[in-house]
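Asks: Provide a 3D model corresponding to the input given below.
(chains A and B)
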Amino acid sequence: MNIVVCVNHVPDTETKVKVGPDGKSIDKAGVNYMLSPYDESAVEECLRLKEKNGGQVTAISLGGDANKETLRKVYAMGVDKAILLKDEAPRDSYGVAKALADVIKELSPDVVFFGKQSIDYDDAQVGGLVAEMLGLPSVSVVVKLEIDNGNVRAQREIEGGHETVETRLPAVFTAQKGLNEPRYPSLRGIMQAKSKAIEERVPEPVPPQVEVVAMRKPTAKGAGRIVGTDASAVTELVRLLHEEAKVI
Amino acid sequence: MPDAHAPSGIEFSFTDTMKMVQSLARDFAVSEIRPVVVKYDESQEFPFDLVRKMGELGFMGILFPDEYGGAGFGYLEYVVILEELSKIDPSIGLIVAAHNSLCTNHIYRFGNTSQKKEYLPGLCTGRTVGAWALTEPGSGSDAGAMRSTVRREADAFILNGSKAFCTNGSVAGTAVVMAVTDPSKAKKGISAFILEKGMQGFFPSKKENKLGMRASDTSSLTFDNVRIPRGNLLGEEGSGFRQALTILDGGRISIAALALGIAQGALGASVKYSREREQFGKPIGEFQAIQWKLADMATEIEAARLLTLKAAFLKDRGNEVVLESSMAKYYASEAAARATSEAVQIHGGYGFIKEFPVEKLYRDVKLTTIGEGTSEIQKLIIARELLKTF
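Replies: Okay, here's the model as predicted:
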């Protein structure tokens, strides 16, 4: 089974993100990066597919040299090949999808996996766009996947429940958390990853279709309010939740 | 363009590989160890499940080459791993340290090819836990005064005596044991042997009930006419004491790394608490009395880290590290003892109860100023090295 997984290098969830001086992008100073968590589930699922069916897993990441850290991590987890699409310039989802689709087309994989979204810009568009560009079926927000002889049965998360869908390979999937429990890279994997080559390619530039004009942080939350400290406060709290906050 | 005046020859940043190792150890400690810290501390059981998982990830064979099932890393990565594990639970760090740098390392450094092939694969993958036995009830700092003796027979060595305070003692499948083969030669009459669990007459006798490091097993070992095959002698007869001292050079780096983790864990908890805890209408971190404590802790930790990483760096380069490892062990453990004490003080009453992590770190830290050479012995070694050099 020929498997491709697209992985993104995103600010660590513990990073306190600040808007940069241009007001349109984040200030990258002092930011730690990590493999996007949904992509981690995608990598795990691809490794399990390989372990079950044989074949190889190729990881692709779009970005600068810093993305090599994430590619080394997925090497340490067990992927077979890593490609860096080297482009430091910001791209919208379409531009990212186009760069990835061009390479994926060449690899003609049976399975293409993404995380359901990257936890930086949260567009959740790239998986679907790539499927469209390649003319492949796409199943998003997958929580369970069974593949038998090219026949796919996938469970996806929908509002308030699960939906089961069927399709045929080749196909594109995006992973929801809970699809699996991603493995830790082992120390031996990390050691071996040191000497593995990362193939570098330069993607074609794509004119942006969407332009970021401003970026701001949400307004700081006001301080909480203590309604009271004994049982009599309950009535008042319910009234406020109902009439003021209008949540019940 | 590189700056022509940029300093060269000293590099303070972690390599990408060290960062990956650090993040693996940190993720493992937070996700797998943290939920069971209290359970093992209270029950004082040995965490076999964690050891199995650490074995799968390579933590039980950090320092040994791939051909024996090890990860093939050096002391720098080893220090990084021990610090991360010890931030969450130092007793897990201690299990890994004694297993790697004492037992397994002794066989790796001084064993012959067939001994390495026989014992290292099980140890490096964590299928077998390793122990290392030097201290006896009557000989601690004065290790050369040991009484366990070995008498030679035609095809075997016969060992009698006992060992005390042996880390991993009652759970080990493989133990390296130092004993006297020739009493007339004093320290030069000591040899090192590989013992296996199940050898007749070899049994752990008493598991100690300890102040701290309670998930780590500390036991006495008893030898009653244990018949050790000739092939289990490590290196030359009479070289056991010298071997043990070499092994302790690396062991001291382990304890320094453990102490570093404990101190960093105590600082992290204290910073968090100082932000959250309010008295007199503001977070206690806004009071200078607390700020000064945090500043002292952080500064001493940074100094300890530099000493420890320098010793590890030199050891990886193949240098002798008697002086550096003793300085690192001495300073890091004493700094960690101060840091945990201040951490409890910052937490006030909450530092005295088990719901906050500093109570346990305060108990665990004491091992680091005692084990693998007390602070007083470290100072003795440091001074001897100085007087030898100048």
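
Asks: Work out for me the element B:Lys116 sits within.
Replies: Assigned by DSSP states H and E, B:Lys116 falls within helix B:113-124.

Asks: separation between B:Ala156 and B:Glu359?
Replies: Distance, B:Ala156 to B:Glu359, by C-beta to C-beta, to the nearest Å: 49 Å. Bear in mind the C-beta positions are built from the backbone N, C-alpha and C, glycine included.

Asks: which of those two has more neighbours?
Replies: Higher neighbour count among B:Ala156 and B:Glu359: B:Glu359, with 19 against 16, using other C-beta atoms under 10 Å in any protein chain shown.

Asks: pretty sure the more buried one is in a strand, no?
Replies: No: per DSSP: H, G, I helix; E, B strand; the rest coil, B:Glu359 lies outside any strand segment and is helix.

Asks: which residues touch it?
Replies: B:344, B:351-353 (C-beta atoms under 8 Å, 6 or more residues apart in numbering or on different chains).

Asks: For the stretch 51-200 of chain B, which residues are neighbours of chain A?
Replies: Within reach of chain A by C-beta under 8 Å from any C-beta of the partner chain, the stretch 51-200 of chain B has these residues: B:56-59, B:62, B:66, B:71-73, B:77.

Asks: What are the buried residues along the helix holding B:Lys116?
Replies: B:115-116, B:118-124 (16 or more other C-beta atoms under 10 Å in any protein chain shown).

Asks: for that helix, what is the average pLDDT?
Replies: The pLDDT scores in helix B:113-124 average 97.

Asks: Please provide the alpha-carbon coordinates for that helix, formatted as CSV.
Replies: What follows is helix B:113-124, C-alpha atoms only, in CSV (Å, rounded to 0.1, in the frame of the first residue of the first chain):
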residue,chain,number,x,y,z
THR,B,113,32.3,-10.3,24.0
SER,B,114,30.4,-13.4,25.2
GLN,B,115,29.3,-11.7,28.4
LYS,B,116,28.1,-8.7,26.4
LYS,B,117,26.2,-10.9,24.0
GLU,B,118,24.7,-12.9,26.8
TYR,B,119,23.5,-10.1,29.1
LEU,B,120,23.2,-6.8,27.2
PRO,B,121,20.3,-7.6,24.9
GLY,B,122,18.0,-8.4,27.9
LEU,B,123,19.2,-5.4,29.9
CYS,B,124,19.1,-2.9,27.0
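
Asks: helices and strands around the helix or strand following that helix, which ones?
Replies: As assigned by DSSP H and E, the chain's next helix or strand after helix B:113-124 is strand B:130-133. Judged by 3 or more C-beta pairs under 8 Å, 6 or more residues apart in numbering or on different chains; DSSP states H and E, the packing partners of strand B:130-133 are strand B:156-167, strand B:174-180.

Asks: From the chain's centroid, how far away is the shortest one?
Replies: Average the C-alpha atoms of strand B:174-180, do the same for its chain, and the two points are 18 Å apart (C-alpha atoms, centre = their mean, to the nearest Å).

Asks: Pull out the CA atoms of it and give them to me as PDB.
Replies: What follows is strand B:174-180, C-alpha atoms only, in PDB (Å, rounded to 0.1, in the frame of the first residue of the first chain):
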ATOM      1  CA  THR B 174      21.200  -9.500  36.500                       C
ATOM      2  CA  ALA B 175      23.500  -8.000  39.100                       C
ATOM      3  CA  VAL B 176      27.100  -6.900  39.000                       C
ATOM      4  CA  VAL B 177      28.600  -7.600  42.400                       C
ATOM      5  CA  MET B 178      32.000  -6.600  43.800                       C
ATOM      6  CA  ALA B 179      33.700  -9.000  46.300                       C
ATOM      7  CA  VAL B 180      37.100  -9.800  47.700                       C
END
